[in-house]
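S.K.: Give the three-dimensional model of this entry:
(one chain, ligands or ions: 1)
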Amino acid sequence: MRSKIFVSTQLGFYYVRGETQVNPCIFMLDTHSIVISNLSKHYRGTSQDALRAINLKISSGEVFGLLGPNGAGKTTFFSILCGLIYPSDGEVSLAGMSIASNLKSIKQIIGVVPQEIALYPTLSGEDNLLFIGRMYGLKGTKLKERVQSCLDDFGFDQNRRQAVKNYSGGMKRKINLIAGILHQPKVLLLDEPTVGIDVHARKEILAQLRQLNQQEGTTIIYTSHHMEEAEQFCDRVAIIDEGQLITTGVPETMVSVANCRSLEELFLQHTGKKIRD
Ligand SMILES: Nc1ncnc2c1ncn2[C@@H]1O[C@H](COP(=O)(O)OP(=O)(O)OP(=O)(O)O)[C@@H](O)[C@H]1O
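M.R.: Down below sits the predicted model:
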């Protein structure tokens, strides 16, 4: 008979009966894994499910890419994950807690970076972040230090005090991103974080995200239409289309097993659709 292992994932505590040797780091590392069970979403008045019976596990510390053509269900998936909308069926749990019934605690663990720039254009980058930081419950010196340190990391100089409306697309994207990480979330949801910006800003953003993942262990879940970027950036990806999970795995392995030249070729093979820019 197999040994039974009892785990409290929130505390990283475990108890093992029998002879099985367990490395505690595995459980410490997996404390904020996301388990998606049989997740479905049907919008009222539509004929098709936006998501249909999705099952997926994303481990703590992973960089996970959600790829799919327009209308595949990516935003719906994200919106359920951050508690903006409820699923029609199934469940998502984070750190062992159901998202739907633990929204308040979950919101402190999750950072969300929407595709749209959600900033006040007449305020400076710095003032936007101070305002958003207060909404996350940060205050005083701690808030000021956190804002300055993030602005330094993302390469802002005196321009941090200029109005956002005068920023380049790349600078707006960076402030949008910082707004989602001020409270040092364990899980970061990024909806197309590099859309519409030049190659330099894109590289800088991806490098900062990689650093966040490696130094803080932040789990990153992101969507993109840039297959090359996803191939390089993600530990694992999932391809979804018409609300269904088509395939998931390590990009390099998926590409080689399918005998494709790139993730883009594999994506087109599965979805049969053109990639949106
Ligand atoms: N509020 C809504 N009401 C009705 N239908 C919706 C709603 N939001 C999304 N849908 C539909 O659900 C499906 C999935 O949409 P979703 O926005 O999640 O896809 P997506 O993969 O994010 O697309 P894109 O890449 O264009 O952003 C689409 O058919 C869309 O028309």
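
S.K.: what about the stretch 151-277 of the chain, any weak spots by pLDDT?
M.R.: 273-277 (pLDDT under 70).

S.K.: For it, list the residues in contact with the ligand, please.
M.R.: Nowhere does the stretch 151-277 of the chain come near the ligand, counting by CB under 6 Å from any ligand atom. (C-beta placed from N, C-alpha, C; glycine too.)

S.K.: Burial check on Phe77, number of neighbours?
M.R.: 28 (other CB atoms under 10 Å).

S.K.: Can you give me the distance of it to the ligand?
M.R.: Phe77 sits 7 Å away from the ligand, taking CB to the nearest ligand atom, to the nearest Å as the criterion.

S.K.: I'd guess that residue is in a helix, am I close?
M.R.: Yes - judged by DSSP: H, G, I helix; E, B strand; the rest coil, Phe77 forms part of a helix.

S.K.: quick one, what contacts it?
M.R.: 39, 51, 54, 66, 240 (CB atoms under 8 Å, 6 or more residues apart in numbering).

S.K.: among the residues you listed, which two are most distant?
M.R.: Using CB to CB, the two most remote members of those are Leu39 and Leu66, lying 12.4 Å apart.

S.K.: Please say which of these two ends up with more neighbours.
M.R.: Leu66 (28 against 24).

S.K.: Spatially nearest residue to the more buried one, not counting backbone neighbours?
M.R.: Thr223 (4.8 Å; CB to CB, 6 or more residues apart in numbering).

S.K.: contacting residues for the one you found?
M.R.: Residues in contact with Thr223 (CB under 8 Å, 6+ apart) are 65-68, 74-75, 78, 190-192.

S.K.: between those, which has the most around it?
M.R.: Among these, Leu67 has the most neighbours (other CB under 10 Å), with 31 neighbours.

S.K.: Confirm Leu188 sits in a helix?
M.R.: No - if the criterion is three-state DSSP, then Leu188 is strand and not within a helix.

S.K.: What residues are bridge-paired with it?
M.R.: Gly111, Ile220 (DSSP bridges).

S.K.: Count the residues that sit near it.
M.R.: Applying other CB under 10 Å, we find 24 residues neighbouring Leu188.

S.K.: Narrow the contacts of Thr223 to those in strands?
M.R.: Assignment to strands by DSSP state E places the following of the contacts of Thr223 there: 65-67, 190-191.

S.K.: Need the nearest residue in space to Ile109, chain neighbours excluded.
M.R.: Spatial nearest neighbour of Ile109, excluding adjacent residues (CB to CB, 6+ apart): Lys186 at 4.8 Å.

S.K.: so who does the one you found touch?
M.R.: 32, 60, 95, 109-110, 217-219.

S.K.: ok, it to Glu91 distance?
M.R.: 19 Å (CB to CB, to the nearest Å).

S.K.: Could you do Met135 as well?
M.R.: With CB to CB as the criterion, Met135 and Glu91 are 28 Å apart.

S.K.: Kindly report the same for Val147.
M.R.: Distance of Val147 to Glu91, computed by CB to CB: 36 Å.

S.K.: cool, Leu129 as well?
M.R.: 34 Å.

S.K.: hmm, back to that, return the subset of the contacts of Lys186 lying in strands.
M.R.: Within the contacts of Lys186, residues falling in strands by DSSP E are 110, 219.

S.K.: which pair in the contacts of Lys186 spans the largest distance?
M.R.: Farthest pair in those, by CB to CB: Ile110 and Gly217, 14.7 Å.
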